[in-house]
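[1] Take this sequence and fold it.
(chains A, B and C)
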Amino acid sequence: MKYLEEFSNPDLARRLVDQIHAVTTRPWAMMEVCGGQTHSIIRHGIDQLLPEGVEMIHGPGCPVCVTPLEIIDKALAIAAQPGVIFCSFGDMLRVPGSSQDLFGIKSAGGDVRVVYSPLDALKLARENPDRQVVFFGIGFETTAPANAMTVYQARRLGVPNFSLLVSHVLVPPAIAAIMESPRCRVQAFLAAGHVCSVMGTAEYPPLAEKYGVPIVVTGFEPLDILEGIRRTLVQLESGRHELENAYPRAVRAEGNAAAMAMLRDVFEVTDRTWRGIGMIPGSGWRLSERYRDFDAELRFDVAGLHTEESPLCRSGEVLQGLLKPNECAAFGKQCTPRNPLGATMVSSEGACAAYYAYRRLDLVQIS
Amino acid sequence: MTAELDFENWTCPVPLRDTPTVVMGHGGGGAMSGELVEHLFLPGYGAAGVATEPGRYELADCAVVPAGDARIAFSTDSFVVKPMFFPGGSIGDLAVNGTVNDLAMAGATPLYLSAAFILQEGTAMADLARIAGAMGAAAQAAGVRLVTGDTKVVDTGSGDGVYVNTSGVGIVPEGVHIGPGRAAAGDAVLISGDIGVHGVAVMSCREGLEFGTTVSSDTAPLHGLVAAMLATGADVHVLRDPTRGGVAAALNEIARTARVGVDLVERDLPIPPEVSDACSLLGLDPLQVANEGKLLAFVPAERADEVLAAMRAHPYGPGARRIGTCVSEHPGMVVARTALGGTRVVNMPIGEQLPRIC
Amino acid sequence: MCLAVPGRVLSITEVDGTSMAQVDFGGVRKEVCLEYVPDVAVGEYVIVHVGFAIQHLDEASAQETLANFERLGILQEEFGDGFTRAAGQAGADR
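    Reported below is the predicted structural model:
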């Protein structure tokens, strides 16, 4: 695929790694916010190539991991209702709720379908006017425009049997919350490239200033990640803390105006509870007043559910970068991708799952 | 403080406690499928089953059993693919080639197949006729006969068109002993051609995921290719067709059964650009995508070049190459050296492979 | 998050009043919504996430970034071979 493979070139990667070693004189800890970046780092073994002392702390940038338990349980309750076609991205199917996951609901007879795009769900709604079609609208700012357009089209084309179960989360408030956390060790951030493709970079300089942390907008391919790390180290070593854009081919400072206009119309900011972390004020989006009639949470009677996390799961600490997955007592024993206790083990991007899936040999030497 | 990680107990130690019902993942060809066999079916079968020793059994697609002086290879497989017709073939082709290949992976000459159908009421006769025709053609091409069968019909809503089970028998030539337990440290690991092709072809027309591609299923009967490999006189240790669960599942099963490790070199994996692009789009790992007309082989290193030459000379093996080595380190694990020089463990797929957005 | 990939716009149409395109991802084709990149032309590249183009891909910028990476190598002699040290740490061969 053009403009993808070139950014995996091993020779150029080598040069970037050389540069990284050349500029680093002391230990540093930086956080990549985006789960897709975590996945890429561990998949290619990038953290194995960094200088001793440069640590990648994996952040809560996995919307699957951080979707609140209450919303998962509501999704399960809605999907279990007769006459409902519940559509979701593949990632969400194995996320455990209080007692089961969407696969379990499907097994019990629920009509649960994986789709690639929310527009596929809208298409299903038009093709099945006698069924209620619900789309599970999770994701960061990257995915929100897709969900927004879908509900906008549902209204415009008159598709009353479509609704959206919304659980969007926002990156800048998360960065602030992480930096406010007393045990925080993060000294710099690799910002999520595709979030910035949509939102631009305006929200980050105030954060860089307030917390004294370099913030480098970074892509996802190996060269992009190495370059993001390199630029971050250059800033750290020279005592700077600025916003930089290391992904200019896909990110403009002003973002995508059309997408942002739609987001302003369809969504409004709300407080959001991040699973395993807690409530971060103003960190989520919900449907605005104008679109409330497409809100699945209101359309279906799913209030008053009892929600309860596994007492063993320490996903929250992993998500905040306070714990590495292999430091968790349940990791690889009671909690595996096969039988996940918490959301970080479920998502292909969650730190625990990435560690498990791509675990390095050094982690499995039996001592 | 790092928790001690005991590799032997790496997967969930308590089998099946979390799924009171069967879920889709149990049919994915990955860890869940294996657990269902190991923790439910085999204990159920008890002494009538195939445990080679208590708690262990050979995960092979085909059983080789004595019958008088001969050794018979006996295999069964069910085909539930949706959609039934896809670029490059149909459920009919898979049903014949799949079982022919299971027999071939034991080194057997496939001879006779049965075909049992479970049909959903309302299935179009024209579709069924197409499938039967495809099976006939595939059987002729493979030199096998369809000698017995069965037909059942279930209510609309109980099935999804056509389910086919084929079982097959063949004779294993004298002196041929091929099975996952024979993998040995030092063996060269070979693949007969491009990977990920079948899975991408089928996915490209699956509802909800459709995309346009030129990729066509690679379904093919492989016993001729196997015969060519054996004709070199090399002592082929293991043969496996990496179907559901892909190369990752197949190598992990072999590694676990033989208690050996496998080292792969990512740069040497033959992944065609169309497969790699489709996987990038959907967020899939090509190593976990199903293959049909392909085989993996473990052969003694000193015979690898000869075997590869024989494969490349055969119509079903022109893209054959070496992708790794069997090692004594990290037994039960498959590890890949990434293009950047790092390492990553190639995990056993868990259940169904699903596209991801993240 | 954000599995988004670059693709080339092959053709643009309107479906139910919505701007849609056939986009080519190196041989894989998919229908993509273009409402968020209204000024894109056939032959140009876009970044696609869950069936939506979310931004233009700036080809000139991509080439420049790659050229910068190429240029970094020139400095290698001055700074020494960090990669070998790193590979050694990781236990990898060179």
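[2] So residue B:113 belongs to a strand, correct?
    Yes - Residue B:113 forms part of a strand when assessed by DSSP: H, G, I helix; E, B strand; the rest coil.
[3] Show me what it is bridged to.
    Counting by DSSP bridges, residue B:113 is bridged to residue B:146, residue B:168.
[4] And the residue of the stretch 201-350 of chain B that's closest to chain A?
    Chain A sits closest to residue B:342 of the stretch 201-350 of chain B, with a gap of 1.6 Å, by CB to the nearest CB. C-beta here means a position set from N, CA and C on the backbone, and glycine is covered the same way.
[5] Over to the residue lying closest to that residue once chain neighbours are set aside: give its phi and psi.
    Excluding its sequence neighbours, the residue lying closest to residue B:342 (CB to CB, 6 or more residues apart in numbering or on different chains) is residue A:45, at 1.6 Å. Main-chain torsions, residue A:45, degrees, to the nearest 10: phi 70, psi 30.
[6] Residue A:45 contacts residue B:338, doesn't it?
    Yes - the pair residue A:45 / residue B:338 is scored as a contact, 4.9 Å apart, by CB atoms under 8 Å.
[7] burial of the residue in the stretch 101-250 of chain B positioned nearest to chain C, as a residue count?
    Closest residue of the stretch 101-250 of chain B to chain C, CB to the nearest CB: residue B:212 (3.2 Å). Counted by other CB atoms under 10 Å in any protein chain shown, the residues lying close to residue B:212 total 17.
[8] Return the distance of it relative to residue A:2.
    17 Å (CB to CB, to the nearest Å).
[9] Quick check: residues of the stretch 101-250 of chain A near chain C?
    A:116-120, A:139-140, A:142-143, A:145-146, A:149, A:153, A:156-157, A:192-195, A:197-198, A:220, A:223, A:227, A:248-250 (CB under 8 Å from any CB of the partner chain).
[10] where does the residue nearest to residue B:342 land on pLDDT?
    With respect to pLDDT, residue A:45 has a value of 88.
[11] Then the one 5 residues further on?
    The model reports residue A:50 with a pLDDT of 95.
[12] what do you get for residue C:78?
    On the pLDDT scale, residue C:78 gets 48.
[13] just the one 3 residues further on next, same as before
    For residue C:81, the model assigns a pLDDT of 52.
[14] Repeat that for residue B:155.
    Per-residue pLDDT puts residue B:155 at 84.
[15] Kindly report the same for residue B:83.
    Predicted confidence (pLDDT) for residue B:83: 84.
[16] ok, it touching residue B:202?
    Yes - with contact defined as CB under 8 Å, residue B:83 reaches residue B:202; the gap is 7.5 Å.
[17] Please identify the helix or strand for residue 30.
    Going with chain A. Under the criterion of DSSP states H and E, residue A:30 resides in strand A:28-34.
[18] sorry, should have said chain C
    Going by DSSP H and E, residue C:30 is part of strand C:28-33.
[19] and whichever helix or strand comes after that strand, C-alpha only, in PDB?
    Once the chain leaves strand C:28-33, the next helix or strand it forms, by DSSP H and E, is strand C:45-49. The C-alpha trace of strand C:45-49 is given here as PDB (Å, rounded to 0.1, in the frame of the first residue of the first chain):
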ATOM      1  CA  TYR C  45      -4.800  10.400  -1.600                       C
ATOM      2  CA  VAL C  46      -6.900  10.400   1.600                       C
ATOM      3  CA  ILE C  47      -6.600   8.900   5.000                       C
ATOM      4  CA  VAL C  48      -9.500   6.500   5.600                       C
ATOM      5  CA  HIS C  49     -10.900   5.300   9.000                       C
END
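[20] Of residue B:83 and residue B:202, which one has the most company?
    Shown here are residue B:83 and residue B:202; by other CB under 10 Å, residue B:202 has more neighbours (23 against 13).
[21] how close does the closest residue to that one other than its chain neighbours sit to residue A:53?
    In this structure, residue B:202 finds its nearest non-sequential neighbour in residue B:86, 4.9 Å apart by CB to CB, 6+ apart. Separation of residue B:86 from residue A:53 (CB to CB): 51 Å.
[22] more neighbours, the two?
    Ranked by neighbour count (other CB under 10 Å), residue B:86 and residue A:53 place residue B:86 first, with 23 against 11.
[23] Next, the contact list for that one, please.
    B:201, B:202, B:204, B:205, B:217 (CB atoms under 8 Å, 6 or more residues apart in numbering or on different chains).
[24] Serialize the residues you listed to JSON lines and add fields for secondary structure and pLDDT.
    Converted to JSON lines, those look like this (DSSP: H, G, I helix; E, B strand; the rest coil; pLDDT from 0 to 100):
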{"residue": "B:201", "secondary structure": "helix", "pLDDT": "91"}
{"residue": "B:202", "secondary structure": "helix", "pLDDT": "89"}
{"residue": "B:204", "secondary structure": "coil", "pLDDT": "85"}
{"residue": "B:205", "secondary structure": "coil", "pLDDT": "83"}
{"residue": "B:217", "secondary structure": "coil", "pLDDT": "93"}
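[25] So how do I select the buried members of these in PyMOL?
    Selecting only the buried entries of these in PyMOL, with 16 or more other CB atoms under 10 Å in any protein chain shown as the criterion:
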select buried, chain B and resi 201+202+204+205+217
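[26] quick revisit: give the pairing partners of the strand holding residue A:30; include direction for each.
    Here strand A:28-34 has these sheet partners by DSSP bridges: strand A:54-61 (parallel), strand A:188-192 (parallel).
[27] where does chain C dip in pLDDT?
    Chain C contains residues with pLDDT under 70 at C:1, C:73-94.
[28] report the longest strand in it, please.
    For chain C, the strand with the greatest residue count under DSSP state E is strand C:5-15.
[29] Report the contact partners of the residue of the stretch 151-300 of chain A found nearest chain B.
    The stretch 151-300 of chain A approaches chain B most closely through residue A:222 (5.9 Å), counting by CB to the nearest CB. Neighbour list for residue A:222: A:7, A:8, A:13, A:40, A:44, A:46, B:340 [criterion: CB under 8 Å, 6+ apart].
[30] measure the residue nearest to the fourth one when sequence neighbours are not counted to residue A:251 for me?
    Going back to what we said before, that points to residue A:40. Leaving out its chain neighbours, the residue that sits closest to residue A:40 by CB to CB, 6+ apart is residue A:220, at 5.4 Å. Distance of residue A:220 to residue A:251, computed by CB to CB: 12 Å.
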